[in-house]
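> I'd like to go over a predicted model; first the sequence, then the structure.
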Amino acid sequence: MILYNEVKLNQNDFKTEKELQTYFEHNLKLILNYTFVDTEMSVGNFRIDTLAFDEETKSFRIIEYKNVKNSSLVDQGYTYLKLLLERKADFVLKYNEKQNKNLRINDIDWSQSRIVFVSPMFTSYQLNATDFKNIPVDLIKVTRYEESVVDVEFIKKTSDIKIEEMDFMNKQEKINSEIKVYTEEDHLNNASAIIKEAYAKLKDIVLNLDDIDVDVKKVYIAFKGKTNICDIEVFKNKLKVMLNVKKGNLRDPLKITEDVSEKGHWGNGDYRVELYTIDDVDNVIPLIKQSLEINKK
């Protein structure tokens, strides 16, 4: 039971996996900001519940809906990811057909492919088996209450262990050689001590501003509310911070930002600022707060 506008709401579970799937597919853009591609897609001997596409990373998402009785998510997840990598043309063809696009196989970033499991509940076995910081499997817990209130919880990974440090099957090792889950350490490895400290300070301040998530991409680290608030590229001697604010909507009294609305760049938004020292962090925080007001949950 939860409180919603000071009214106690009783749990009203989804009756079937299909009911959960229908709700999720109808709200996919709102919940995950993914593009819906297809439902019940058949590939070979397999049937995929939901095929989605992440326009930000240019990569596919396979979404499966499960109940608590399903015991092994890792094996199924890697089976579907193996299928995705072996049948790339089928997935690109389906995307082009449904979206009326003309993407090629090389336009997709296959290294950022993911399998997403959605369920009203996960067992401790399922949670532990997927709790590796670089495993390409995401869990989302969905609870429905009366009055059409739905709570969506993204299960965060807590382990510092990488999957390659464990003894896994060859199939998983093959998938891991092509699909990579990027970590903050990957981005910070070549940064100077000063830049690492600046990033740590920036992260600490930003995460204490609101309910904000860290989402590590291939070329940048995103701080996210309902969508990206700022995206950070890490270099040896500087941080590039992209602010997800449209041109003309940012107050910059110190004039430290660069208008990149007409320049090619990674990340979201039209403004970029570069940080070289720990002291620079204090100057960028007021700008990040403005983006937070636009992109908060």
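Yep, that arrived. Numbering: from 1, shown residues only.
> all contacts plus neighbour counts: C-alpha atoms, from now on.
Fine.
> run a quick neighbour tally on E293.
Per other Cα atoms under 10 Å, the neighbour tally for E293 reads 11.
> how near is it to N190?
For E293, the distance to N190 equals 32 Å [Cα to Cα, to the nearest Å].
> with R47 instead?
To N190, R47 is 42 Å away according to Cα to Cα.
> what segments of the stretch 151-297 of the chain are strands?
Taking DSSP state E, counting those that start in this stretch, the strands of the stretch 151-297 of the chain run over residues 213-216, 221-224, 228-234, 239-243, 258-259, 271-275.
> quick one: the third one to strand 239-243, angle?
The directions of strand 228-234 and strand 239-243 differ by 160 degrees, with axes from the mean of the first three to the mean of the last three Cα atoms, to 10 degrees as the criterion.
> what of the last one?
In terms of direction (the same axes, to 10 degrees), strand 271-275 departs from strand 239-243 by 160 degrees.
> from the chain's centre, how far out does strand 271-275 sit?
23 Å (Cα atoms, centre = their mean, to the nearest Å).
> hang on, T277 packs against A198?
Yes - T277 is within contact range of A198, at 6.3 Å (criterion: Cα atoms under 8 Å).
> which of those two has more neighbours?
A198 (22 against 16).
> with adjacent residues omitted, what lies nearest to the more buried one?
Distances taken as Cα to Cα, 6 or more residues apart in numbering place I278 nearest to A198, at 4.5 Å, with adjacent residues excluded.
> can you read off the pLDDT for the one you found?
pLDDT for I278: 95.
> what does R87 show for phi and psi?
R87 has phi and psi values of phi -120, psi 50 when expressed as degrees, to the nearest 10.
> what residues are up against it?
When the contact criterion is Cα atoms under 8 Å, 6 or more residues apart in numbering, R87 has no partners at all.
> shouldn't R61 be in contact with E55?
No - counting by Cα under 8 Å, R61 does not reach E55; the two are 10.5 Å apart.
> more crowded one of these two?
The neighbour comparison of R61 against E55 (other Cα under 10 Å) goes to R61, with 22 against 12.
> and L93, how many neighbours?
Per other Cα under 10 Å, the neighbour tally for L93 reads 16.
> many thanks, we can stop here.
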